[in-house]
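Trainee: Just need the structure, nothing else, for what follows:
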Amino acid sequence: MNIVILAAGLGKRMKSDLPKVLHQIAGRPLLGHVLGAAHSLKPNKLVVVYGHGAEKVLAALQAPDGGLPATGGAPAIDWVLQSPQLGTGHAVAQAVPHLDEAHPTLVLYGDVPLVSPSTLQRLREATDGGSAVALLTQVMPDPTGLGRIVRKDGKVARIVEHKDADAETLRIREINTGILIAPTSPLKSWLVALRNDNAQGEYYLTDIIAAAVRDGIIVNTVHPAALWETLGVNSKTQLAELERQHQRNLAFSLTESGVTLADPARIDIRGSLQCGRDVSIDVGCIFEGTVTLGDRVRIAANCVIRDAEIGDDVEVLAMSHIEQAKVGTRSRVGPFARLRPGTELGEDNHVGNFVEFKNAKMASGSKANHLAYVGDAKIGARVNIGAGTITCNYDGANKHQTVIEDDVFIGSDSQLVAPVTVRRGATLGAGTTLTREAPPDALTVSRARQVTVAGWTRPVKKK
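Mentor: Got it, this is the predicted structure:
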């Protein structure tokens, strides 16, 4: 199969400098969603016709995180510029040199992001082995502004655009979604014969239907499984509506798989979320990139988790942020904790309120419960990091590592000036500024001697 994706539109109603197909749903460009559906069909040829904001579209979609699916064996995309934009028929005509006549051609739209692979597969099957035209149509309660499917004796005869329709045609509620599959060889001849003598002065792709009927080609129709599959984005309002619909779909999939959601309407998944058994997620949580939650994980309200692995029986308390980190089994994170990239927690770790970890590894049974910063550190087992402790890892130019061995106790308000090592079983007294190695099984204290000045008077403001 050939697939042509039309993505050249300006999107005036979006009121944005960003090309319409680059606006995002679930953290992914609209065009990225369509490309994902296209790749699922394993096409022989894949052509994207782009136009407005050409450089931005190419740069965004060809970037590593631009939304192109990483599927092995997928064909390279042929990017074809449509300039000027003279209608959908003209757009498909630009892709003709890249199409293989041995296979039918599917036409998709870069601003119709939620069409499902299963619906497209049913559309493919309706081509009778590639010899017929297959149209994706929909019966709408209010078809205003949409092209109507005109039938004769129950069979599709032609498509009439809303602006070109008479009063009788406007009463028809079956509409053209724009998505179709046609045999490629006759499609080429139909495109050449298109005329633009219509209300918009454009070359309509829909006019090929009348040509197919004239040439004796069967035109079959398929309805999508859900109305939202064929809804396009032409405004920020429609973008927001489809975002919510997509998130509802994802939430329904989670609950059907056994995940407990406090409120399915208050979760956002912007990537891939894999959950084990008996997972519960409170309201307001955002999952980005690739996130894996083990069995019996509990995520409290308003957490943001990005590209992370959370082990079994972990509890993430409210307002915590986890990014590019791993959390071991039976650990507890938060509330108000932040795990930054490179963090790896072991089993039974506690990272408490207002604690930040960055590029730090902590072994089993260790804790940092309050108001600490741990960066570029290697922490052993059964370590206690007191409130107010920081690892001073940055000298203004380079990062340095702090090593804390097993069974260490770090007193509150300590500063560990890296590179530095705290040996096994050591204790640091509260308020210590450590600049040299702390020996094992000993108390190390570094603080100014306490002095009381008798007769001292506190300064007062002058009148």
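Trainee: check contacts around the residue nearest to Ala442 when sequence neighbours are not counted.
Mentor: Using C-beta to C-beta, 6 or more residues apart in numbering and skipping the chain neighbours, the partner closest in space to Ala442 is Ala426 (6.0 Å). Where C-beta positions appear, they are placed from N, C-alpha and C, glycine not excepted. Going by C-beta atoms under 8 Å, 6 or more residues apart in numbering, Ala426 touches Glu405, Val408, Phe409, Ala438, Pro439, Pro440, Asp441, Ala442, Leu443, Thr444.
Trainee: can you check Val422 too?
Mentor: So Val422 contacts Thr402, Val403, Ile404, Glu405, Val408, Ile410, Leu416, Leu428, Leu434, Glu437, Ala438 (C-beta under 8 Å, 6+ apart).
Trainee: From Glu174, how far out is it?
Mentor: Val422 is 74 Å from Glu174, where distance means C-beta to C-beta, to the nearest Å.
Trainee: now do Asn249
Mentor: Plainly put, Asn249 is 25 Å away from Glu174 if you go by C-beta to C-beta.
Trainee: Leu261 too?
Mentor: Distance of Leu261 to Glu174, given as C-beta to C-beta: 36 Å.
Trainee: cool, and Asp268?
Mentor: The gap separating Asp268 from Glu174 is 35 Å, by C-beta to C-beta.
Trainee: The residue lying closest to Gly311 once chain neighbours are set aside: neighbour count?
Mentor: For Gly311, ignoring the flanking residues on the chain, the nearest one in space by C-beta to C-beta, 6+ apart is Thr329 at 4.0 Å. Using other C-beta atoms under 10 Å, Thr329 has 19 neighbouring residues.
Trainee: Ranking helices and strands of the chain by mean pLDDT, which lands last?
Mentor: helix 54-62 (a mean of 83; mean pLDDT, DSSP states H and E).
Trainee: who's in contact with it?
Mentor: 7, 18-19, 21-22, 29, 31-32, 35, 48, 50, 66-68, 79, 81, 83.
Trainee: buried ones in it?
Mentor: Val57, Ala60, Leu61 (16 or more other C-beta atoms under 10 Å).
Trainee: how close does the residue nearest to Ser235 when sequence neighbours are not counted get to Arg338?
Mentor: Spatial nearest neighbour of Ser235, excluding adjacent residues (C-beta to C-beta, 6+ apart): Arg13 at 4.4 Å. As for Arg13, its distance to Arg338 is 39 Å (criterion: C-beta to C-beta).
Trainee: Repeat that for Tyr373.
Mentor: Here Tyr373 is placed at a distance of 10 Å from Arg338 (C-beta to C-beta).
Trainee: okay, and the common contacts of the two?
Mentor: What both Tyr373 and Arg338 touch, as defined by C-beta under 8 Å, 6+ apart, is the set Val355, Glu356.
Trainee: returning to what we had before: can you pick out the most distant pair from the contacts of Ala426?
Mentor: Glu405 and Leu443 (15.4 Å; C-beta to C-beta).
Trainee: of those two, who's got more company?
Mentor: Glu405 (19 against 13).
Trainee: isn't the more buried one right next to Gly380, touching?
Mentor: Yes - proximity of Glu405 to Gly380 meets the contact threshold set by C-beta atoms under 8 Å, at 4.6 Å.
Trainee: Next, show the common contact partners of those two.
Mentor: Here Glu405 and Gly380 have Arg424 as joint contacts, going by C-beta under 8 Å, 6+ apart.
Trainee: Distance of the closest residue to Pro117 other than its chain neighbours relative to Glu344?
Mentor: Nearest non-adjacent residue to Pro117, counting by C-beta to C-beta, 6+ apart: Ser40, 4.0 Å away. Counting by C-beta to C-beta, the gap between Ser40 and Glu344 amounts to 34 Å.
Trainee: Okay, now the unreliable bits of this structure?
Mentor: Applying pLDDT under 70 to the chain flags residues 63-74.
Trainee: the domain parsing of it - what is it?
Mentor: Domain assignment of the chain by automatic domain parsing yields the ranges 2-230, 236-444.
Trainee: how far out from the middle of the chain is the shortest one?
Mentor: Okay, so that is domain 236-444. Chain-centre distance of domain 236-444: 22 Å, with C-alpha atoms, centre = their mean, to the nearest Å.
Trainee: got it, and stretch 218-231?
Mentor: 25 Å.
Trainee: Pull out the buried residues from it.
Mentor: Across stretch 218-231, burial judged by 16+ other C-beta under 10 Å covers Val219, Asn220, Thr221, Val222, His223, Pro224, Trp228, Glu229, Thr230, Leu231.
Trainee: And stretch 118-132, by the same measure?
Mentor: Buried residues in stretch 118-132, defined by neighbour count with 16+ other C-beta under 10 Å: Thr119, Leu120, Arg122, Leu123, Arg124, Ala126, Thr127, Gly130, Ala132.
Trainee: Can you name the residues in contact with that stretch?
Mentor: 1, 37, 40-41, 103-104, 106, 133-134, 136, 179-181, 183, 217-222, 224-225, 229.
Trainee: do the same with stretch 225-235
Mentor: Here stretch 225-235 has contacts from 11, 13-14, 20, 23, 30, 109, 111-116, 118-119, 136, 138, 140, 177-179, 224, 238-239, 241-242, 245, using C-beta under 8 Å, 6+ apart.
Trainee: try 7 Å this time
Mentor: 11, 13-14, 20, 23, 30, 109, 111-112, 114-116, 118-119, 136, 138, 177, 179, 224, 239, 242, 245 (C-beta atoms under 7 Å, 6 or more residues apart in numbering).
Trainee: In helices, which of these appear?
Mentor: With helices taken from DSSP state H, the overlap with those comprises Leu30, Ser118, Thr119, Leu239, Leu242, Gln245.
Trainee: Spatially nearest residue to the third one (excluding sequence neighbours)?
Mentor: Once its chain neighbours are removed from consideration, Thr119 has its nearest residue in Pro224; the separation is 4.7 Å (C-beta to C-beta, 6+ apart).
Trainee: Got the phi and psi for the one you found?
Mentor: phi -70, psi 160 (degrees, to the nearest 10).
Trainee: ok so, going back, any idea how far the residue nearest to Ser235 is from Ala60?
Mentor: Distance, Arg13 to Ala60, by C-beta to C-beta: 20 Å.
Trainee: Run a quick neighbour tally on Val451.
Mentor: 5.
Trainee: if you skip the residues just before and after it, what's nearest to Glu288?
Mentor: Nearest residue to Glu288 in three dimensions, chain neighbours excluded: Arg306, at 4.1 Å (C-beta to C-beta, 6+ apart).
Trainee: Following element in sequence after the one helix or strand the one you found maps to, please.
Mentor: Assessed by DSSP states H and E, Arg306 sits inside strand 304-310. For strand 304-310, the following helix or strand on the C-terminal side (DSSP H and E) is strand 315-316.
Trainee: Partner strands of that following strand and their direction?
Mentor: Applying DSSP bridges to the sheet, strand 315-316 is found paired with strand 298-299 (parallel), strand 332-333 (parallel).
Trainee: Isn't Gly89 up against Leu191?
Mentor: Yes - counting by C-beta atoms under 7 Å, Gly89 does reach Leu191; the two are 6.0 Å apart.
Trainee: Now for the closest residue in space to Gly365 that isn't next to it in sequence: which residues touch it?
Mentor: The shortest distance from Gly365 to any non-neighbouring residue, by C-beta to C-beta, 6+ apart, is to Arg382 (4.4 Å). By C-beta under 7 Å, 6+ apart, the contact set of Arg382 is Gly365, Ser366, Asp406, Asp407.
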